[in-house]
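K.L.:
Curious how this folds, go ahead:
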Amino acid sequence: MAAYVGLWQAMAQASHTSNWRSPELVRYASGSALQVASGSLYADHYNGLVSRGAPVLHPKVTSVSPAAAPTMVMVFDCADSTNWLQYHTNGTLVDDEPGGRRAVTSEVRLHQDGSWKVTRFAVEALGSC
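P.N.:
Predicted structure coming up:
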């Protein structure tokens, strides 16, 4: 759970400056999760966008595998982005769409170095939970 929450905190912090190179991302993510997080932040940087605030998380473990000594954990969240909105670097809101609750499904894996990292995640549309 710490890896999941850590990744979202790292993404929120990095989004304030669109820092796609934040070392905190690598601390909590690998594989496609890292590619998506850093790629999204790079796109925001390229387009002159930043975010303010952070999502409110409500994660729950939905499964572990194998049961005796887990190396993979699935996490479901109904994350709330109401207070995590995008802005142009001049300070104006990107759009008038409010944030809201979104279903987020994540896979967290134990790595060979003993660290847990989010390896993939899917974020659904607003109102999906």
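
K.L.:
For residue 19, see how far away residue 129 is.
P.N.:
Residue 129 is 28 Å from residue 19, where distance means Cβ to Cβ, to the nearest Å. Yep, even glycine has a C-beta here, placed from its N, CA and C like the rest.

K.L.:
Neighbour count for those two, which is higher?
P.N.:
The neighbour comparison of residue 129 against residue 19 (other Cβ atoms under 10 Å) goes to residue 19, with 19 against 16.

K.L.:
how much space between that one and residue 92?
P.N.:
Taking Cβ to Cβ as the measure, residue 19 falls 21 Å from residue 92.

K.L.:
Where does residue 122 fall, secondary structure wise?
P.N.:
Using DSSP states H and E, residue 122 sits in strand 116-123.

K.L.:
Now do the buried residues in that strand.
P.N.:
116, 117, 118, 119, 120, 121, 123 (16 or more other Cβ atoms under 10 Å).

K.L.:
If you count neighbours, what's buried in stretch 21-38?
P.N.:
So stretch 21-38, judged by 16+ other Cβ under 10 Å, has buried residues 22, 25, 28, 29, 30, 33, 34, 36, 37, 38.

K.L.:
Endpoints of stretch 122-129, how far apart?
P.N.:
End-to-end distance for stretch 122-129: 13 Å, by Cα to Cα, to the nearest Å.

K.L.:
what's the answer for stretch 16-24, then?
P.N.:
End-to-end span of stretch 16-24 (Cα to Cα): 14 Å.

K.L.:
same deal with stretch 63-80?
P.N.:
22 Å.

K.L.:
Which residues does that stretch contact?
P.N.:
Applying Cβ atoms under 8 Å, 6 or more residues apart in numbering, the external contacts of stretch 63-80 come out as 1, 4, 8, 55-62, 99-110, 116, 123, 129.

K.L.:
Now the buried members of the residues you listed.
P.N.:
4, 8, 55-57, 59, 99, 101-102, 104, 106-109, 116, 123, 129.

K.L.:
List the ones among these that fall in strands.
P.N.:
101, 102, 104, 106, 107, 108, 109, 116, 123 (DSSP state E).

K.L.:
which residues touch the third one?
P.N.:
Residues in contact with residue 104 (Cβ under 8 Å, 6+ apart) are 75, 76, 77, 78, 79, 121, 122, 123, 124.
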